[in-house]
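**Q** this one's structure only:
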């Protein structure tokens, strides 16, 4: 049973515009949510996270929004840059778990 | 340099071969993980080691055999694999498995089983 879902396998955005990547989850016990970014031939790297007690966390061009009632989170990148082109993974964690639960990833392409 | 090094980067093996994947972390972390990434699937946890002890085996077939001789090294021994085992195998580490952020991943080993 997939507990973290990213329903859009790909997204294309013009440089300078906003990129919005979406993630849904099914387990209301998750305490923490993270976004990872992955370039080809590299491992995923941590990007930004949010605690379940917050609804927004911002770090430079990256903002993550959490809607607990909808079990939905999103990553906003503004303005998008060509270097942002990568696969973005949403992940979730709950207390007592040994591991993170990952989504399938969304490939973002930022067009110059 | 990510602090987590995986070798080899690419591996092609026959179904009757025996090979091993290696992971080494230089971050002083206590927990290490093996994940499998197949096309169009989420990253799948395979094994978790905490202070060299295996704390999670996520129903992985016995043809995958992990080994953790110390907190800095993790191996995945492979034998009699199937073509569907072809995937990217990622190693990760963290300070401890209960920490809710900060996995550091290696670059992965791209495995092809022929």
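**A** Arrived safely. The structure presented is a predicted model; accordingly, all values stated were derived computationally and were not measured. Numbers count the residues shown, from 1 in each chain, chains lettered A, B, ... in the order given.
**Q** Look up how far chain A lies from residue B:10.
**A** 10 Å (CB to the nearest CB, to the nearest Å). No exception for glycine: its C-beta is placed from N, CA and C like everyone else's.
**Q** For the residue nearest to that residue when sequence neighbours are not counted, give me the pLDDT.
**A** Distances taken as CB to CB, 6 or more residues apart in numbering or on different chains put residue B:110 closest to residue B:10, at 4.9 Å, once the chain neighbours are dropped. Note on residue B:110: pLDDT of 95.
**Q** How about residue A:28?
**A** What the model reports as pLDDT for residue A:28 is 92.
**Q** still on that earlier bit, tell me what the host helix or strand of the residue nearest to residue B:10 is packed against?
**A** Under the criterion DSSP states H and E, the helix or strand holding residue B:110 is strand B:109-113. If you count contacts as 3 or more CB pairs under 8 Å, 6 or more residues apart in numbering or on different chains; DSSP states H and E, strand B:109-113 packs onto strand B:10-13, strand B:87-94.
**Q** looking at it, residue A:21 is touching residue A:88, isn't it?
**A** Yes - with contacts counted by CB atoms under 8 Å, residue A:21 reaches residue A:88, the gap being 5.1 Å.
**Q** for chain B, which spans come out with low pLDDT?
**A** Within chain B, the segments meeting pLDDT under 70 span B:1-2, B:97-101.
**Q** Residue of it closest to chain A, please.
**A** residue B:105 (3.1 Å; CB to the nearest CB).
**Q** Spell out which helix or strand contains the spatially most central residue of chain B, please.
**A** Chain B has residue B:34 as the residue nearest its centroid, 2.9 Å off, counting by CA atoms, centre = their mean. Assignment of secondary structure by DSSP H and E places residue B:34 within strand B:31-37.
**Q** Say whether chain A is contacted by that strand.
**A** Yes - using CB under 8 Å from any CB of the partner chain, strand B:31-37 comes into contact with chain A via B:33, B:35.
**Q** quick revisit: buried by neighbour count: which residues of the strand holding residue B:110 qualify?
**A** By 16 or more other CB atoms under 10 Å in any protein chain shown, the buried positions in strand B:109-113 come out as B:109, B:110, B:111, B:113.
**Q** Can you name the residues in contact with stretch B:42-57?
**A** A:2, A:4, A:44, A:89, A:98-105, B:30-38, B:58, B:60, B:64, B:66, B:68-71, B:74, B:76, B:90, B:96-97 (CB atoms under 8 Å, 6 or more residues apart in numbering or on different chains).
**Q** Repeat that for stretch B:89-97.
**A** Stretch B:89-97 is contacted by residues A:43-44, A:98-99, B:3-4, B:6, B:21, B:23, B:25, B:27, B:29-37, B:43, B:48, B:50, B:55-56, B:74, B:76, B:102-106, B:108-109, B:111 when judged by CB under 8 Å, 6+ apart.
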